[in-house]
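Participant: here's a sequence, model it:
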Amino acid sequence: MTNPTPGLPGHTAQDTEIDESQRLISSSKVEGTAVYSPESEKIGNVHNFMVDKITGKVSYAVMSFGGFLGIGERYHPLPWDSLKYDTGVGGYVVSISRAQLEGAPTYARDEDPWTDPDYGRRIHGHYGFPYGL
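Facilitator: Numbering: from 1, shown residues only. This next block holds a predicted model:
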């Protein structure tokens, strides 16, 4: 039996080797990671991310934002390229203001905007990132 990895309750050294390497990380370790503004204000958490089935590349990080105990929570897709991991804060930093987030395309738990083929274009256009799908 392997010893638990310090600081990660219930994780073993073997688990760490499986879900993280120098350049790769398991989706389970990304989900829940904090997202910060450039001023170090926590603005949300990564809820999940969307992977392009053709290229295999991550296209969006879906950030949970607002709500209380899951009630009224909104999901904000951010172009994956807008997130930069910062080891100093232990989370992702985005150069997006809270006002920009509040006016961005969002959806609720019971909605599925991804069936609209123009949804990705609206997200990218809102944040000023080129749309490349």
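
Participant: which stretches of this structure form helices?
Facilitator: 13-19, 27-30, 98-102, 119-127 (DSSP state H).

Participant: any weak-confidence spans in the chain?
Facilitator: 1-20, 22, 66-72, 133 (pLDDT under 70).

Participant: longest strand anywhere in it?
Facilitator: Ranked by residue count and defined by DSSP state E, the top strand of the chain is strand 42-51.

Participant: chain neighbours aside, what residue packs nearest to S40?
Facilitator: In this structure, S40 finds its nearest non-sequential neighbour in V89, 6.2 Å apart by Cβ to Cβ, 6 or more residues apart in numbering. The way it works is simple: take the backbone N, C-alpha and C, and place the C-beta from them, glycine included.

Participant: so what's the residue count around the one you found?
Facilitator: V89: 13 surrounding residues under other Cβ atoms under 10 Å.

Participant: list the buried ones in stretch 122-133?
Facilitator: By 16 or more other Cβ atoms under 10 Å, the buried positions in stretch 122-133 come out as 123-124, 126-127.
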